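Novice: Quick check, what structure comes out for this input:
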Amino acid sequence: MTLTFTYAGSVTQYKGSTIRESVDIPFEDERERSGNRNWIAGLRTEGDIDDPEGQRLTVQFQSLGASEESAVAVSFLSSGWSERNYVLIPGAVYAGNRFEVRELSYAPCWSRIDDHGPNVPNLITDVPRLADRAGETSAIHLLTGDAATPAVGIMDKESNTGWLFITEQGTALGDNSIHVEESVDRSFVRISFQAPGVRPSAKYEMATTKVPSTDRGHDFTAGETVTIRCRIYRFSCPSIQALFDKFAAVRQQGQSAAELAQSLPFSAAWGTQERKYNEMNWNAELGYYAVGTIDMKHQDWQVGWVGGGMSSLALLLEGSELSISRAIATLHFLFSSQTASGFFHGVCYQGEFYGDEFNDDPARKHPEQWHILRKSADALYFIMKHLLALEQIRPDFVIPAEWLDGTRRLADAFVRLWHQYGQFGQWVHTGTGDLIIGGSAGGGIAPAGLALCGRYFDEPSYTACAELSARYYYERFTTKGITTGGPGEILQSPDSESAFALLESYMVLYETSGDGEWLRMAEEAALQAMTWCVSYDFSFPAGSTFERLGMQTTGSVIANVQNKHSAPGICTLSGDSLLKLYRATGNKRYAELLREIAGNLPQYLSREDRPIRGWEGWDMPPGYMSERVNMSDWEGQGNVGEVIPYSCWCEVSLMLTYAEVPGIYVNTTTGMVTVIDQVECRLEQTEGVLAMTNPSAFPAEVKLLAESEEEAALPLGACGHLQWKRITIKPGETVRIAI
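Specialist: Residues are numbered from 1 along each chain as shown. The predicted structure is shown next:
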């Protein structure tokens, strides 16, 4: 790859979303005339591409005459390109999304295709991507709302050089667009940012890139101007991880510190959620907390993933006696759903167990026996967290023998799977435990569960399997900058859920072993997970629900490259692994990311005094949260800033956040204060006095973790949060305590 990038301004004229004419415009206010179009472009640069601050590039275009349906662009051109180069668009494209494709309507089902077995290729659906075969047209056209950060990153594998190009959401003309276009022979690439954003012929919607684009250029009048700004970085990049390292350092450069959305304290949100779960999610007939509230198959019971056997942990830790008794009943139900293989039935609806496959065709192979391995992996980890918590908060409670036996049977199923296949795969046969679909990082949290099992049962085989499988995930996925297959309905598209699952596993292994090897892996996983987290506050369309409510997107997490919405929180975790990573490393970046993810969660909670209206026209009841933070038009332009009005897994993420994440963290050695809850804090001049003010209209019970750096070096463990102080603060009150 030749390291001579040329900045080229261009004006493109569109007609019916098809490029009619494209004209390159030299900078330095030189004029270019084409037909009846006259343009000038002025360039201003600050800094240097090789400097840590990068180069700030500002290009102002001015139309000297009328120009209909036109767009302006800043392009970066390079020859000496190779399809081996790693291409990143955060939250949208990983390794160019250059994988084998199967064109399936939503929900894409493995039983509709012939690719089965342990060694299936990494398959994705029809998502925006660069071509994986020579000779094919290869281009990605996205709007900035498709990305967690409007940026393109490149690792040139031949020269070990990295490049980052970062722009803004848009201009007065609307959102910008992002384009990566390769020549047919893959020797040349053009990276462009365009205003207004126009995808030239087709756009992406649910699992297809073949929807005709309705984007249009702007009708410029004489004298009208538009400005595109971007930042450019060039840096040494000997590994794919070095690209993620650099991105983490600059993703928010030039932005002011993110302010948390004004909302309600975690404790007030908890009260609303606990009431909702006991009134609407409790299945009295079968005795478990359902994952949703609607009478439909996938809203009744699903183990793991979307919250089954996970919400019960938060309710066990923070709930009333009623909630605790029901959490325990949920575990009883969970173990009653265990199969002979040791894994679980994935779905229960109206008392009948079902497989996880979304295809109901009776001719499919293994009818009703498809099981998403990630679900049982989640179950193993959360069962262990339940058991460890019960020892602490209910020391007189006798763990039922069938729970202990069932936990070991589940762990044994993972060990057996590992020894037989050298991987956990993505889908297994519920009844036999055999692998149906291999590959993916979908089971990435299994090492965390096995590591806890190894310690709890004093069983070396579980610990050994945890370590071997975690190293496999690290070599196969983390080092390659690709985490795939966490959700069950995306084939093996890159996703955020498996990225955060691997972070969880590496941190648990670090805390249970003390081996710094795992800490290094956890840091790499954390920075990859960060790319899925929205780095700025998206401007929603005027009049949309999220615009009217003042929703702030910083810290929301994009789901995957197929389902192109961001979401409140991590599916389905509290993010406490980031706290543990910060404690172990002292790197403030992890504490700040946790603050952005967790601190902005309560704004998405529908409540009586601030209901959130769904796109079907009715207000969600108090306690509902929708997973949709739609910055992308993947569900249609009209649904940007709108939500599907369903009770959803992100409610569990908020409940777990209150249970496992401190509202205030204080490093008493440095005096650093990290505020995650809806309170204001300051360390007063009087040494060791922390002043906390509750500016909200709700009473707050805030959890405080204050510790020295020496104390922070000690593992927090699965239940360290049970020891944190709780401070009650009335609305408008200021409380001072010694720390």
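
Novice: May I have the beta-bridge partners of residue 736?
Specialist: residue 691 (DSSP bridges).

Novice: if I pick it, what's in contact with it?
Specialist: 684, 689, 690, 691, 692 (Cβ atoms under 8 Å, 6 or more residues apart in numbering). C-beta here means a position set from N, CA and C on the backbone, and glycine is covered the same way.

Novice: Residue 382 now?
Specialist: 304, 309, 310, 313.

Novice: returning to that earlier point: dump the contacts of residue 736 into CSV; add pLDDT as well.
Specialist: Below are those laid out as CSV (pLDDT from 0 to 100):
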residue, pLDDT
684, 87
689, 94
690, 95
691, 96
692, 97
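
Novice: With neighbour count and distance to residue 569 added, can I get these in JSON lines?
Specialist: As requested, those are exported to JSON lines (neighbours: other Cβ atoms under 10 Å; distance: Cβ to Cβ, whole Å):
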{"residue": "684", "neighbour count": "10", "distance to residue 569": "33"}
{"residue": "689", "neighbour count": "13", "distance to residue 569": "33"}
{"residue": "690", "neighbour count": "21", "distance to residue 569": "27"}
{"residue": "691", "neighbour count": "14", "distance to residue 569": "29"}
{"residue": "692", "neighbour count": "23", "distance to residue 569": "24"}
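
Novice: Let me know the closest of the residues you listed to residue 647.
Specialist: residue 692 (32.3 Å; Cβ to Cβ).

Novice: Would you agree that closest one is in contact with residue 728?
Specialist: No. Counting by Cβ atoms under 8 Å, residue 692 stays clear of residue 728, with 10.4 Å between them.

Novice: Residues that sit against both of the two, list them.
Specialist: Joint contacts of residue 692 and residue 728 (Cβ under 8 Å, 6+ apart) are 702, 735.

Novice: Lowest-scoring secondary structure element of the chain by mean pLDDT?
Specialist: Every helix and strand of the chain was ranked by mean pLDDT, DSSP states H and E. The lowest is strand 31-34, at a mean of 45.

Novice: Contact partners for the most centrally placed residue in the chain?
Specialist: The centroid of the chain falls nearest to residue 557 when counting by Cα atoms, centre = their mean (3.5 Å). Shown in contact with residue 557 (Cβ under 8 Å, 6+ apart): 496, 500, 532, 533, 534, 566, 567, 568, 569, 570, 571, 597.

Novice: so residue 231 sits in a strand?
Specialist: Yes. Residue 231 forms part of a strand when assessed by DSSP: H, G, I helix; E, B strand; the rest coil.

Novice: For it, list each beta-bridge partner.
Specialist: Here residue 231, judged by DSSP bridges, has bridge partners residue 56, residue 166.

Novice: my read: it touches residue 168, true?
Specialist: No. Residue 231 is beyond contact range of residue 168, at 9.7 Å (criterion: Cβ under 8 Å).

Novice: who has more neighbours, these two?
Specialist: Using other Cβ atoms under 10 Å, the more surrounded residue of residue 231 and residue 168 is residue 231, with 21 against 18.

Novice: which residues does the more buried one contact?
Specialist: 54, 55, 56, 57, 164, 165, 166, 167, 250, 253, 254.

Novice: just to revisit the earlier point, can you tell me who the residue nearest to the centre of the chain pairs with across the strands?
Specialist: Going by DSSP bridges, residue 557 forms beta bridges with residue 533, residue 567.

Novice: neighbour-wise, which of the contacts of residue 382 leads?
Specialist: Busiest of the contacts of residue 382 [other Cβ under 10 Å] is residue 309, holding 29 neighbours.

Novice: any idea how far residue 62 is from residue 12?
Specialist: 16 Å (Cβ to Cβ, to the nearest Å).

Novice: go on, residue 90?
Specialist: To residue 62, residue 90 is 32 Å away according to Cβ to Cβ.

Novice: Which one's more surrounded, the two?
Specialist: Neighbours were counted for residue 90 and for residue 62 using other Cβ under 10 Å; residue 90 has more, 24 against 18.

Novice: ok, then the element right after the helix or strand containing residue 234?
Specialist: When elements are assigned from DSSP states H and E, residue 234 belongs to strand 225-236. With elements assigned by DSSP H and E, the helix or strand that comes after strand 225-236 is helix 240-250.

Novice: Next, the buried residues of whatever helix or strand comes next after that following helix.
Specialist: Heading C-terminal from helix 240-250, the first helix or strand you meet, by DSSP H and E, is helix 266-276. Neighbour-count burial for helix 266-276 flags 266, 267, 268, 269, 270, 271, 272, 273, 274, 276 (criterion: 16 or more other Cβ atoms under 10 Å).

Novice: remind me which residues of the protein are low pLDDT?
Specialist: The chain contains residues with pLDDT under 70 at 1-8, 14-21, 25-37.

Novice: Walk me through the domains of this structure.
Specialist: For the chain, automatic domain parsing gives the domain ranges 6-92+128-250, 667-738.

Novice: okay, the ones you listed, which one's buried deepest?
Specialist: domain 6-92+128-250 (a mean of 19; mean count of other Cβ atoms under 10 Å).

Novice: need the strands for the stretch 401-550 of the chain, in chain order.
Specialist: 427-429, 435-437 (DSSP state E, counting those that start in this stretch).

Novice: Turn those strands into a markdown table, columns for mean neighbour count and distance to residue 356.
Specialist: Formatted as a markdown table, those follow (neighbours: other Cβ atoms under 10 Å; distance: least, Cβ to Cβ, whole Å):
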| stretch | mean neighbour count | distance to residue 356 |
| --- | --- | --- |
| strand 427-429 | 25 | 8 |
| strand 435-437 | 23 | 11 |
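
Novice: got these as TSV, with distance to residue 593 columns?
Specialist: Conversion of the strands of the stretch 401-550 of the chain to TSV gives the following (distance: least, Cβ to Cβ, whole Å):
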stretch	distance to residue 593
strand 427-429	31
strand 435-437	32
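
Novice: Minimum distance to residue 576: which of those has it?
Specialist: strand 427-429 (28.3 Å).

Novice: Can you list the helices and strands that the closest one packs against?
Specialist: Counting contacts by 3 or more Cβ pairs under 8 Å, 6 or more residues apart in numbering; DSSP states H and E, strand 427-429 is packed against strand 370-372, helix 373-393, strand 435-437.

Novice: quick revisit: do you know which of the strands of the stretch 401-550 of the chain lies nearest residue 239?
Specialist: Once those are compared by Cβ to Cβ, strand 435-437 is nearest, at 29.2 Å.

Novice: just checking, what packs against that closest one?
Specialist: Using 3+ Cβ pairs under 8 Å, 6+ apart: strand 435-437 touches helix 401-421, strand 427-429.

Novice: Run me through the strand neighbours of the last one, direction for each.
Specialist: Which is strand 427-429. Partners of strand 427-429, by DSSP bridges, with direction: strand 370-372 (antiparallel), strand 435-437 (antiparallel).
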